[in-house]
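Q: Sequence and computational prediction follow.
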Amino acid sequence: MILARRSIPFIATLLVFLGLEALLIGKSSWLYFLAPFLLIVVVLSIFLLVPKVNTEVKSWGLKIYNISTSPFDILISPLLLVFSSLFFLILLSSVWLRHVSVILVSFLLFLFLEDIFYYFFRVKKYQVYSLENISSYVNLVSFFFFASSMYGLVIFLKLDVWILSLGVALAVFLLAYQTMRINGLSWRSSWLYLLIIVLVCVEIFWTIGFWPTSFYINGLFLSLVFYLILNLTRYQILNKLERKIVARYLIISLVVVLITLGTARWV
């Protein structure tokens, strides 16, 4: 059984990679088959990797703090990664960017599934905080894909921003909730912060929608806001928020903003 589970990250990643590549080179009608197929692959992978009975995880002789072992909590990150990438790939016009995005999604999915396997079945080789870190990267990329896609729908299909705000609110809530749970934070200690994060991101989503920039630039700005607020909130709940942490995240965000503004095409 362990051997079968060991192959899941490789098989699932290969299927997702081939499915996304087929979407790029195949007919548009293939989307109706490939989209549910890829999402089912992700769902089955998580439920096959996560044991039915919670296990006490130890690494380097120390007990790791209470990471959620619910398959539903763990599923949020990889499922939204693949789901949001489907929207993003459809809106991208650059062929090489499409293929780069497929490689990125496949790579992140493989790392995430690998960490899940090591967390439960190769405890001695599991690196502390590895699952939390890869979840953070997956969530950030997922939100960038999703936010950019929402702005793309506003530009190309002329959809109302307030309608798409509901989708953004749901994505922010799910990804923020998953971040809290994967870091061992309970619903009781984080629900108010989750609500604030959702409200702030929705307000900024609405504001950025009026900017004369491309949909992926808008998505990048909103993703930076989400990244900044979510991580600072996480440290605050964990009582680890310090000036140097705030400064680090602010500097990273500011540098990315300046680079983006300097290279963005304004219309």
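A: Structure received.
Q: Shouldn't Tyr177 be within a helix?
A: Yes. Tyr177 sits within a helix when classified using DSSP: H, G, I helix; E, B strand; the rest coil.
Q: Looks like it contacts Ile74 (just checking).
A: No. Contact between Tyr177 and Ile74 fails when scored by Cβ atoms under 8 Å: they sit 11.9 Å apart. Bear in mind the C-beta positions are built from the backbone N, C-alpha and C, glycine included.
Q: Same drill for the two, tell me which one is more crowded.
A: Ile74 (24 against 20; other Cβ atoms under 10 Å).
Q: doesn't the more buried one fall inside a helix?
A: Yes. Applying three-state DSSP, one finds Ile74 inside a helix.
Q: per-residue pLDDT, it?
A: Ile74 carries a pLDDT value of 94.
Q: Now do stretch 161-169: everything it contacts.
A: For stretch 161-169, contacts defined as Cβ atoms under 8 Å, 6 or more residues apart in numbering pick out 146-147, 150, 153-154, 198, 201-202, 205-206, 209, 222.
Q: can you give me the strands for the stretch 151-267 of the chain?
A: Counting by DSSP state E, counting those that start in this stretch, the stretch 151-267 of the chain forms no strands at all.
Q: Please tabulate the contacts of stretch 161-169 in a markdown table and include distance to Val161 and neighbour count as additional columns.
A: Putting the contacts of stretch 161-169 into a markdown table (distance: Cβ to Cβ, whole Å; neighbours: other Cβ atoms under 10 Å) gives the following:
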| residue | distance to Val161 | neighbour count |
| --- | --- | --- |
| Phe146 | 15 | 25 |
| Ala147 | 12 | 30 |
| Met150 | 9 | 25 |
| Leu153 | 10 | 19 |
| Val154 | 6 | 18 |
| Val198 | 16 | 18 |
| Cys201 | 13 | 26 |
| Val202 | 10 | 19 |
| Phe205 | 8 | 26 |
| Trp206 | 6 | 14 |
| Gly209 | 5 | 18 |
| Leu222 | 12 | 26 |
